[in-house]
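Novice: return atomic coordinates for the entry below.
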Amino acid sequence: MATSKVERLMNLVICLLATRQFVTADKIRESVAGYQDSASSEAFSRMFERDKSELRDLGVPLETGPAAGFTSAEGYRINLEAYALPEIDLTSEESAAVAIALRLLESPEMTSAAQGAVLKLRAAGVVVDQESASALVTALPARSRGSEPALDSVLSAIEAGRAIRFEHRPAPNAPFATRTVEPWGVVTHDGRWYVVGHDVDRGAPRTFRLSRIAEPVVAVGPAGVVHKPAGTDLRDIVGRAVGTAGVSGTATVWVRDGRAQGVRRLGKPVRSATIGGEGGVVFEVPVRSRDWLARLIAGYGADAVVIEPAALRDDVIARLTVAAGETR
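Specialist: Residues are numbered from 1 along each chain as shown. Next up is the predicted model:
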């Protein structure tokens, strides 16, 4: 059974995170599950070039340099310092929630794949960073294979150079509409996945959030005809589309006493206030992405209430209304 593109990309990331050496393309082909599916060296080279471009579009800091033990061969690795998350300050309750979530999302299949990749690297003579490898093998969540159901279908269509047709809605409470898109790539931004491409119906480049795409995603038209235009910066397109180029104002949000730590960390306390008989504090919160902030606030339910602006409050209410309907 052929390895999916999402799984192959994850295997490649595991491989390049497990060592500080530069790993040659030949060793990557031997060690990473999914590349053995290529029928020839030329097919592997094309697949590997697409995967490198995909990882860079996703923000993975892929580096090239001289491979160990070789005089001229080029190798690849991921810059661990640039890839690592900054220090995260969580409350005891939030830490407990994260720990529970990780236990629920542990995947025996991914653990096995990670172990296999590390063993193959060591067998090929690549020096493996034991600390990094152990962390990957024991704590890799299944969700990292793709946080959206449509992701695998979209990536497969991009790899095949085909257009796709799907149902999409621009907001959580908006109706679905059919879209036909020539996809150029997938990008992560503020923790969300977006597909960027040429919208055939509108005749212009467009960005679609994967969480708002309903399955199935159907590949249409011949293969090998859709390509990302030269010089296209997918991350820039997404950044402009979601409006995150700098702070775009502030919001005032009431937070119940002792709750909604995420909002508290973002904002500046302004005054004490009581809502619905509950004591709390009003915070001024910078708005870098209204959509992201609405998702954060809605996640705290009645413990966080938007006072201003009205548009942000309406967005939070719409999300809570949808969530309430789904739980009935």
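
Novice: when you work out contacts or count neighbours from here on, use the C-alpha atoms and nothing else.
Specialist: OK.

Novice: quick check: closest non-adjacent residue to the residue positioned nearest the centre of the chain.
Specialist: Note on the chain: the residue nearest the mean C-alpha position is residue 188, at 4.2 Å, using C-alpha atoms, centre = their mean. In space, and not counting its chain neighbours, residue 188 is closest to residue 58: 5.5 Å by C-alpha to C-alpha, 6 or more residues apart in numbering.

Novice: distance check, the residue nearest to the centre of the chain against residue 324.
Specialist: Using C-alpha to C-alpha, to the nearest Å, residue 188 is found at 27 Å from residue 324.

Novice: do residue 16 as well
Specialist: Distance from residue 16 to residue 324, by C-alpha to C-alpha: 42 Å.

Novice: between those two, which has more neighbouring residues?
Specialist: The neighbour comparison of residue 16 against residue 324 (other C-alpha atoms under 10 Å) goes to residue 16, with 25 against 10.

Novice: now do the SS call for the nearest residue to that one once chain neighbours are set aside.
Specialist: Distances taken as C-alpha to C-alpha, 6+ apart put residue 77 closest to residue 16, at 4.9 Å, once the chain neighbours are dropped. Put simply, residue 77 is strand when judged by DSSP: H, G, I helix; E, B strand; the rest coil.

Novice: and residue 77, how far is that from residue 53?
Specialist: From residue 77 over to residue 53 (counting by C-alpha to C-alpha), the distance is 14 Å.

Novice: pull the number of nearby residues for residue 216.
Specialist: Neighbours of residue 216 under the rule other C-alpha under 10 Å: 12.

Novice: go on, the one 3 residues further on?
Specialist: Residue 219 sits with 22 neighbouring residues when counted by other C-alpha under 10 Å.

Novice: which helix or which strand is home to the nearest residue to it once chain neighbours are set aside?
Specialist: Nearest residue to residue 219 in three dimensions, chain neighbours excluded: residue 164, at 4.4 Å (C-alpha to C-alpha, 6+ apart). Secondary structure from DSSP states H and E places residue 164 in strand 163-168.

Novice: give me the contact list for that strand.
Specialist: 154, 157, 176-183, 208, 212-221, 226 (C-alpha atoms under 8 Å, 6 or more residues apart in numbering).

Novice: again with stretch 74-84
Specialist: So stretch 74-84 is contacted by 13, 16-17, 19-25, 60-67 (C-alpha under 8 Å, 6+ apart).

Novice: try 7 Å this time
Specialist: Here stretch 74-84 makes contact (C-alpha atoms under 7 Å, 6 or more residues apart in numbering) with 16-17, 20-25, 60-67.

Novice: could you pick out the buried ones from the residues you listed?
Specialist: Among these, those scoring as buried are 16, 17, 20, 21, 22, 23, 24, 25, 60, 62, 66, 67 (criterion: 16 or more other C-alpha atoms under 10 Å).

Novice: distance between the helix or strand hosting residue 207 and the chain's centre?
Specialist: Using DSSP H and E, residue 207 falls within strand 204-209. A distance of 17 Å separates the centroid of the chain from that of strand 204-209, by C-alpha atoms, centre = their mean, to the nearest Å.

Novice: check stretch 280-299 too.
Specialist: Centre-to-centre, stretch 280-299 and its host chain are 21 Å apart (C-alpha atoms, centre = their mean).

Novice: first-to-last residue distance for that stretch?
Specialist: 17 Å.

Novice: in the strand or helix carrying residue 316, what's buried?
Specialist: Take DSSP H and E as the rule and residue 316 turns out to sit in helix 310-326. For helix 310-326, the neighbour count (16+ other C-alpha under 10 Å) marks 312, 313, 315, 316, 317, 318, 319, 320 as buried.

Novice: beyond the helix or strand residue 15 falls within, next helix or strand please.
Specialist: Here residue 15, judged by DSSP H and E, is contained in helix 5-17. In the C-terminal direction, the helix or strand that comes right after helix 5-17 (DSSP H and E) is strand 23-24.

Novice: so where's the stretch 101-250 of the chain shaky on pLDDT?
Specialist: The model of the stretch 101-250 of the chain has pLDDT under 70 over residues 101-148, 190-191, 243-248.

Novice: helices along that one, start to end?
Specialist: Using DSSP state H, counting those that start in this stretch, the helices of the stretch 101-250 of the chain run over residues 108-123, 130-139, 151-160, 234-241.

Novice: what is the helix or strand containing residue 283 packed up against?
Specialist: Using DSSP H and E, residue 283 sits in strand 278-286. Strand 278-286 is packed against strand 250-256, strand 268-275, with contacts defined by 3 or more C-alpha pairs under 7 Å, 6 or more residues apart in numbering; DSSP states H and E.

Novice: of those, which is nearest residue 288?
Specialist: strand 250-256 (8.6 Å; C-alpha to C-alpha).
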